[in-house]
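Enquirer: predicted coordinates and the sequence they were generated for:
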Amino acid sequence: MEKKSQEAVAKLQVLEQNMQQLELQKQQFSAQLIETENALKELEKTTESYKLVGNILVKTETKQLTTELKDRQERLKLHMSIVERQEKQLSEKSEKLRKEVLGQMKTE
């Protein structure tokens, strides 16, 4: 394999690793989003609410906690959309590079 092809394959491997890292981030954000949405549903059912501060549960106003959780929910959705956009860009780069590598291998 020519040096140019080897470099392209190495770049492709790096792109694949980056895509895997983005997928992990996406899964983490998704889990946090589900957790936040479940907490918001539970807050609708109660008049008393508590928040974990360090290792201590502290009583807090339900309205304030709901606001904090909604803000967190919006941030998580934003992070998810950013990761999905990055994932799409990397996927496009990866596909383009894959085609180049295959083309180079056919000509060798």
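Expert: Thanks, I have the structure now. In this text, all values refer to a predicted model and were calculated from it rather than measured experimentally.
Enquirer: for this protein, give the helix that spans the most residues.
Expert: What stands out as the longest helix in the chain, according to DSSP state H, is helix 62-107.
Enquirer: gap between it and the chain center?
Expert: Centroid separation between helix 62-107 and its chain, computed with C-alpha atoms, centre = their mean, to the nearest Å, is 6 Å.
Enquirer: so for that helix, mean pLDDT?
Expert: Averaged across helix 62-107, the pLDDT comes to 92.
Enquirer: please name the residues that touch Val101.
Expert: Residues in contact with Val101 (C-beta atoms under 8 Å, 6 or more residues apart in numbering) are 5, 8-9, 12. The way it works is simple: take the backbone N, C-alpha and C, and place the C-beta from them, glycine included.
Enquirer: okay, and the spatially most central residue of the chain sits in which element?
Expert: In the chain, the centroid-proximal residue (C-alpha atoms, centre = their mean) is Lys26; its distance is 2.3 Å. Assigned by DSSP states H and E, Lys26 belongs to helix 3-44.
Enquirer: how far out from the middle of the chain is the helix or strand that that helix is followed by?
Expert: Using DSSP H and E, the next helix or strand after helix 3-44 towards the C-terminus is strand 49-53. In terms of C-alpha atoms, centre = their mean, the gap separating the centre of strand 49-53 from the centre of its chain is 26 Å.
Enquirer: top of the contacts of Val101 by number of neighbours, please.
Expert: The most crowded member of these, judged by other C-beta atoms under 10 Å, is Ala8 (20 neighbours).
Enquirer: which strand residues bridge Val53?
Expert: Ile56 (DSSP bridges).
Enquirer: and Thr47, backbone torsions?
Expert: phi -110, psi -20 (degrees, to the nearest 10).
Enquirer: switch to numbering from 8
Expert: Yes, from this point I'll number from 8; that puts the last item at Thr54.
Enquirer: what's the local residue count around the residue nearest to it when sequence neighbours are not counted?
Expert: Spatial nearest neighbour of Thr54, chain neighbours left out: Thr69 (6.6 Å); criterion: C-beta to C-beta, 6 or more residues apart in numbering. By other C-beta under 10 Å, 14 other residues sit near Thr69.
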